[in-house]
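Q: model this:
(chains A and B)
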Protein chains: 2
Amino acid sequence: MEIDVSRPVLESNHTIAAQTRQELAEKGIFVINMMSSPGAGKTSLLERTIEGLKGELRLAVVEGDVQTSHDAERIAGHGVPAVQINTQGACHLNAKMVVQALSELELDGLDLLVVENVGNLICPASFELGEQARVMLLSTTEGEDKPSKYPLMFRQSNVLIVNKIDLLPHLPFSMEKLRQEAYKIQSDLTLFELSALTGEGLEPWLNWLRRGVAESKTRT
Amino acid sequence: MEIDVSRPVLESNHTIAAQTRQELAEKGIFVINMMSSPGAGKTSLLERTIEGLKGELRLAVVEGDVQTSHDAERIAGHGVPAVQINTQGACHLNAKMVVQALSELELDGLDLLVVENVGNLICPASFELGEQARVMLLSTTEGEDKPSKYPLMFRQSNVLIVNKIDLLPHLPFSMEKLRQEAYKIQSDLTLFELSALTGEGLEPWLNWLRRGVAESKTRT
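A: Predicted coordinates:
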């Protein structure tokens, strides 16, 4: 009764993701896959990011959720094209879902595509979507032990954003300890500390996106 | 290449869980399955709970994590028997893993068994473990939209504990809205609002556990 379906599924996913990556790279679009626990603030940060880059970069967003289209509606409210994927119970997006979502977006002329994955620290780590960079969000309220408890997720990420730093005075949380734990798992992490609520610390993150977009244009 | 393995896997899991449920019921042990996002505070609440029931009820804990045995060590530090299950990548516990963990515990004389599931709002909802009640934790920092975004989890829970109420003055969070959203998904929820950090609101939760234990004894 135990059939290992994970290998062919992951190989097929890899092939589709590689095609997506190439197609979007040829169009000079910088693509990021954003992942985190539920409620770490992905959509709030995205709203801040859109406002911060308004009139400068052309964005589109693919929203992944088990159910509802709340997040795509929030993004569309900022005048940015957004497609919602409902995974109907699946705990991650896959490359095929993203291809379907992209068919509903006008890609020509885009600078930055953000794919917001399902809120989960386990499943999304195994499924590449065609992104050029993996961005993880961790909220200060989640504690410093998450890198060692969810190592695959942190090891495969290029960027770690520690969100909700406005709550630091009220939490038993050590940023120094989190940094140590995170670098122990992935020494090449680019780390940002910010508050999507107050906007504190946003600019270095926006600059990182600007550089990613500029490099994507250079490569085409 | 697409093989639906979910049905036989769930049926087999159900059979094992039903056996566990019966065996533990015959011993008069109250069993709860605790679930939440990563970092919502399951282990912290468990530590508070152990201290609150010390000398009164005999507890044991099964800890589920993808990796590490930090949580079992935290629990054992309070003098309570604790077994750690590492799921090695799986995003939930299953009934078979719990049976294995139980073989390492002295069950005779126990009043309360707490199974702390892997931090995840999706996968654990589909796998019963032999519990008499499902207890969900949600942190105030996760926002009010989680019941509608993860409906299966909330619909199958008997208890919803809203943790981290000490942070309410610093958050854009409405407890009234959360209550509405939660009751919309599951009208029979028993709701507790507390802070595992400060201990505020703990007593009603402890009383609920005391009642569960007393009822389990009556049924044997």
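Q: which residue ranges form the strands in chain A?
A: In chain A, the strands defined using DSSP state E lie at A:30-35, A:59-65, A:82-86, A:112-116, A:133-139, A:159-163, A:190-193.
Q: I'd like those strands laid out as a markdown table, including mean pLDDT and mean neighbour count.
A: Yep, even glycine has a C-beta here, placed from its N, CA and C like the rest. Putting the strands of chain A into a markdown table (pLDDT from 0 to 100; neighbours: other C-beta atoms under 10 Å in any protein chain shown) gives the following:
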| stretch | mean pLDDT | mean neighbour count |
| --- | --- | --- |
| strand A:30-35 | 98 | 25 |
| strand A:59-65 | 97 | 26 |
| strand A:82-86 | 97 | 21 |
| strand A:112-116 | 98 | 26 |
| strand A:133-139 | 98 | 25 |
| strand A:159-163 | 98 | 24 |
| strand A:190-193 | 98 | 17 |
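Q: can you add distance to chain B and give those strands back as JSON lines?
A: As requested, the strands of chain A are exported to JSON lines (distance: least, C-beta to the nearest C-beta, whole Å):
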{"stretch": "strand A:30-35", "distance to chain B": "12"}
{"stretch": "strand A:59-65", "distance to chain B": "6"}
{"stretch": "strand A:82-86", "distance to chain B": "10"}
{"stretch": "strand A:112-116", "distance to chain B": "12"}
{"stretch": "strand A:133-139", "distance to chain B": "6"}
{"stretch": "strand A:159-163", "distance to chain B": "10"}
{"stretch": "strand A:190-193", "distance to chain B": "16"}
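Q: and those strands: which comes nearest B:Glu11?
A: Taking C-beta to C-beta as the criterion, B:Glu11 comes closest to strand A:82-86 out of these, the separation being 26.0 Å.
Q: tell me the bridge partners for the spatially most central residue of chain A.
A: When chain A is reduced to its mean C-alpha position, the nearest residue by C-alpha atoms, centre = their mean turns out to be A:Met34, at 0.7 Å. Each beta-bridge partner of A:Met34 is listed here, defined by DSSP bridges: A:Glu116, A:Val135.
Q: that one contacts A:Thr49, doesn't it?
A: No: judged on C-beta atoms under 8 Å, A:Met34 makes no contact with A:Thr49 at a distance of 9.9 Å.
Q: any common contacting residues for the two?
A: Both A:Met34 and A:Thr49 are contacted by A:Val114, under the criterion C-beta atoms under 8 Å, 6 or more residues apart in numbering or on different chains.
Q: coming back round to it: of all the strands of chain A, which one is nearest B:Glu106?
A: With distances scored as C-beta to C-beta, the stretch of the strands of chain A nearest to B:Glu106 is strand A:133-139 (37.8 Å).
Q: what's next to that closest one, contact-wise?
A: Contacts to strand A:133-139, defined as C-beta under 8 Å, 6+ apart, come from residues A:30-37, A:39-42, A:45, A:146, A:153-154, A:156-164, A:178, A:212, B:39, B:141.
Q: so A:Ser83 touches A:Ser69, yeah?
A: Actually, residue A:83 is Val rather than Ser. No: because the distance of 9.6 Å does not satisfy C-beta under 8 Å, A:Val83 is recorded as not touching A:Ser69.
Q: common neighbours of the two, please.
A: Contact criterion C-beta under 8 Å, 6+ apart; residues shared by A:Val83 and A:Ser69: A:Glu63.
Q: give the buried residues for the longest helix along chain A.
A: Among the elements of type helix in chain A, defined by DSSP state H, the one spanning the most residues is helix A:6-26. Residues of helix A:6-26 classed as buried by neighbour count (16 or more other C-beta atoms under 10 Å in any protein chain shown): A:Val9, A:Asn13, A:Ile16, A:Ala17, A:Thr20, A:Arg21, A:Leu24, A:Ala25.
Q: then stretch A:36-49?
A: Buried residues in stretch A:36-49, counted by 16+ other C-beta under 10 Å: A:36-49.
Q: so for that stretch, what's the average pLDDT?
A: Averaged across stretch A:36-49, the pLDDT comes to 98.
Q: straight-line length of it, end to end?
A: Separation of the first and last residues of stretch A:36-49 by C-alpha to C-alpha, to the nearest Å is 17 Å.
Q: with stretch A:98-118 instead?
A: Using C-alpha to C-alpha, the end-to-end distance of stretch A:98-118 comes out at 12 Å.
Q: gap between it and the chain center?
A: For stretch A:98-118, the distance from its own C-alpha centre to the chain's C-alpha centre is 13 Å (C-alpha atoms, centre = their mean, to the nearest Å).
Q: and if you look at stretch A:150-164?
A: Remark: stretch A:150-164 is offset 10 Å from the chain centroid, using C-alpha atoms, centre = their mean.
Q: can you get me the start-to-end distance on it?
A: Across stretch A:150-164, the straight-line distance between its terminal residues is 20 Å, by C-alpha to C-alpha.
Q: what about the closest residue to A:Arg155 other than its chain neighbours, how many neighbours?
A: With sequence-adjacent residues excluded and distances taken as C-beta to C-beta, 6 or more residues apart in numbering or on different chains, A:Arg155 is closest to A:Gln186, at 5.1 Å. The local packing count at A:Gln186 equals 17, with neighbours defined by other C-beta atoms under 10 Å in any protein chain shown.
Q: assess the claim that A:Gln186 and A:Tyr150 are in contact.
A: No: using C-beta under 8 Å, A:Gln186 is not in contact with A:Tyr150; the gap is 11.6 Å.
Q: and the buried residues of stretch A:36-49 as a markdown table, adding distance to chain B?
A: Listed next are the buried residues of stretch A:36-49 as a markdown table, based on distance: C-beta to the nearest C-beta, whole Å:
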| residue | distance to chain B |
| --- | --- |
| A:Ser36 | 9 |
| A:Ser37 | 5 |
| A:Pro38 | 5 |
| A:Gly39 | 3 |
| A:Ala40 | 8 |
| A:Gly41 | 9 |
| A:Lys42 | 11 |
| A:Thr43 | 9 |
| A:Ser44 | 9 |
| A:Leu45 | 13 |
| A:Leu46 | 14 |
| A:Glu47 | 13 |
| A:Arg48 | 13 |
| A:Thr49 | 18 |
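Q: and of these, the nearest to B:Thr87?
A: Within the buried residues of stretch A:36-49, distances to B:Thr87 taken as C-beta to C-beta reach their minimum at A:Ser37, with 16.7 Å.
Q: quick one: that closest one and B:Ser37 touch, right?
A: Yes: in terms of C-beta under 8 Å, A:Ser37 counts as a neighbour of B:Ser37; the distance is 4.9 Å.
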